[in-house]
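Enquirer: for reference, the sequence and a predicted model appear below.
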Amino acid sequence: DAKTTQPPSMDCAEGRAANLPCNHSTISGNEYVYWYRQIHSQGPQYIIHGLKNNETNEMASLIITEDRKSSTLILPHATLRDTAVYYCIVRVAGEGSNDYKLSFGAGTTVTVRA
Amino acid sequence: EPEVTQTPSHQVTQMGQEVILRCVPISNHLYFYWYRQILGQKVEFLVSFYNNEISEKSEIFDDQFSVERPDGSNFTLKIRSTKLEDSAMYFCASSVLGITNEKLFFGSGTQLSVL
């Protein structure tokens, strides 16, 4: 698996955008970048994923650099309920690969403050 | 949105006892997974399951662990002789096809306490 590096923690003000960085400098060309989050020991929750292009959905935006060595998850208007551990995961892929699992790191603990 | 359901939410057992953790994956999903998270640690992959057999397993998933899909809806994790270090939150997950550009849906977990 390509390794990812995330800051261990960050704070964000309620109502402001939260920008969560992730480095994945050894990513391969056919590997996707996934973001999940885990709210207080609940099951991980899918947020968004992408390959090359920037992606947006109802939860967040994902910005992937042109060289794909890093990405940023953007929560456009953070709320108190967005307080969670956010995981950036690069998913192993490839022709003939049957490795479908997600491998979680330590993630970034995001605290949204009122 | 459809959900992965896990029961029980909490399970307390004595060391050496067998436990079965139960999961009902989303109905049209074909790939199933178990993960665990020891308190304060990372979410760890245990096993993936497809077409009634194990696709992949981690080093944690030793002979004390087994998985089964006994009917068309349930997916179970059995620990034959529990140890203190098996105390953790166990998460079940499922996905439609198991391809690399789709998402996994996780259940809310079973907290296992081994005394």
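Expert: Alright, I've got the coordinates. Numbering: from 1, shown residues only, chains lettered A, B, ... in the order given.
Enquirer: do stretch B:108-115 and chain A meet?
Expert: Yes. Residues of stretch B:108-115 contacting chain A under C-beta under 8 Å from any C-beta of the partner chain: B:108-109. The way it works is simple: take the backbone N, C-alpha and C, and place the C-beta from them, glycine included.
Enquirer: quick check: buried residues in that stretch?
Expert: Under the neighbour-count criterion of 16 or more other C-beta atoms under 10 Å in any protein chain shown, stretch B:108-115 has B:108-112, B:114 buried.
Enquirer: stretch B:51-69 now?
Expert: Of all the residues in stretch B:51-69, those buried under the rule 16+ other C-beta under 10 Å are B:55-58, B:60-61, B:65, B:67, B:69.
Enquirer: farthest-separated two in those residues?
Expert: Using C-beta to C-beta, the two most remote members of the buried residues of stretch B:51-69 are B:Ile60 and B:Arg69, lying 20.2 Å apart.
Enquirer: would you say B:Glu85 is within a helix?
Expert: Yes. Applying DSSP: H, G, I helix; E, B strand; the rest coil, one finds B:Glu85 inside a helix.
Enquirer: which ones are touching it?
Expert: Counting by C-beta atoms under 8 Å, 6 or more residues apart in numbering or on different chains, B:Glu85 touches B:38, B:114.
Enquirer: center of chain B, which residue is that?
Expert: With distances taken as C-alpha atoms, centre = their mean, B:Trp34 lies nearest the centre of chain B, 3.0 Å away.
Enquirer: thought B:Ser94 was touching that one, still the case?
Expert: No. Taking contacts as C-beta atoms under 8 Å, B:Trp34 lies outside contact range of B:Ser94: 10.5 Å.
Enquirer: ok, back up a step: can you put the buried residues of stretch B:108-115 in a markdown table and add secondary structure?
Expert: Listed next are the buried residues of stretch B:108-115 as a markdown table, based on three-state DSSP:
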| residue | secondary structure |
| --- | --- |
| B:Ser108 | coil |
| B:Gly109 | coil |
| B:Thr110 | strand |
| B:Gln111 | strand |
| B:Leu112 | strand |
| B:Val114 | strand |
